[in-house]
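Novice: okay, here's the prediction I keep looking at, along with the sequence it came from:
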Amino acid sequence: QVQFVESGGGLVQPGGSLRLSCAASEIIFSISTMAWYRQAPGKQRELVAAIDSGGNTNYENSVKGRFTISRDDTKNTLYLQMNTLKPEDTAVYYCNARPSLTISLTLYDWGQGTQVTVSS
C-alpha cells in the first residue's frame, strides 16, 4: 500500500522559512511526478508545486520565487523549501503523485499532512 509521510511543518513568523519533507513508500518514486498540495481551513485543497522525473517543475502563482520543490530519488523523498513565508501560506501541506505536471489528478490516498502556521 502506497504511503506518504509528510514532516517539517511548524509555527514560523512571517518572513521565515521551513523545509518540508515527504517520504514515499511502495511507489516507483524515480519515475513518478510528485507534487505538494495544501489545504487551508475552509478552503479546497490546492496544488502548490509539482516536479516530474526529469526535474521539470511548476508552481502555483502565489508561491513562485518563494518556494522550491526538489526530490531525492535515492531516498524516495520529496522536499519543499519555503522562504519568505506569509500568513496566507498557513495550511496543512500534503504530497502525492500525479500523472504529469499538467494533469490535475492525484494517484494515491492522502497522508496525514504537516501543519504550517505562519503567524507573529
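Specialist: Okay, I see it.
Novice: every contact and neighbour count from this point should use C-alpha atoms.
Specialist: OK.
Novice: which elements pack onto the strand or helix carrying Val5?
Specialist: Assessed by DSSP states H and E, Val5 sits inside strand 3-7. Using 3 or more CA pairs under 8 Å, 6 or more residues apart in numbering; DSSP states H and E as the contact test, the elements touching strand 3-7 are strand 18-25, strand 91-98.
Novice: need the contact partners of the first one.
Specialist: When contacts are defined by CA atoms under 8 Å, 6 or more residues apart in numbering, strand 18-25 is touched by residues 1-10, 12, 75-83, 95.
Novice: who's in contact with the residue most central in space within the chain?
Specialist: Centroid-nearest residue in the chain: Trp36, 2.3 Å away (criterion: CA atoms, centre = their mean). Neighbour list for Trp36: Leu47, Val48, Ala49, Ala50, Leu80, Tyr93, Tyr94, Cys95, Asn96 [criterion: CA under 8 Å, 6+ apart].
Novice: quick check: bridge partners of it?
Specialist: Ala49, Cys95 (DSSP bridges).
Novice: separation between it and Phe29?
Specialist: For Trp36, the distance to Phe29 equals 14 Å [CA to CA, to the nearest Å].
Novice: again with Gln13
Specialist: Distance, Gln13 to Phe29, using CA to CA: 33 Å.
Novice: my reading is that Val116 lies in a helix. Confirm?
Specialist: No - residue state for Val116 (DSSP: H, G, I helix; E, B strand; the rest coil) corresponds to strand; a helix is not indicated.
Novice: just give me the neighbour total for it.
Specialist: 23 (other CA atoms under 10 Å).
Novice: tell me what it is bridged to.
Specialist: Bridge pairing for Val116 - DSSP bridges - gives Gly10, Ala91.
Novice: contact partners for it?
Specialist: Contacts of Val116 (CA under 8 Å, 6+ apart): Gly9, Gly10, Leu11, Val12, Asp89, Thr90, Ala91, Val92, Tyr93.
Novice: which one (most neighbours) among these?
Specialist: Most surrounded of these: other CA under 10 Å gives Tyr93, at 28 neighbours.
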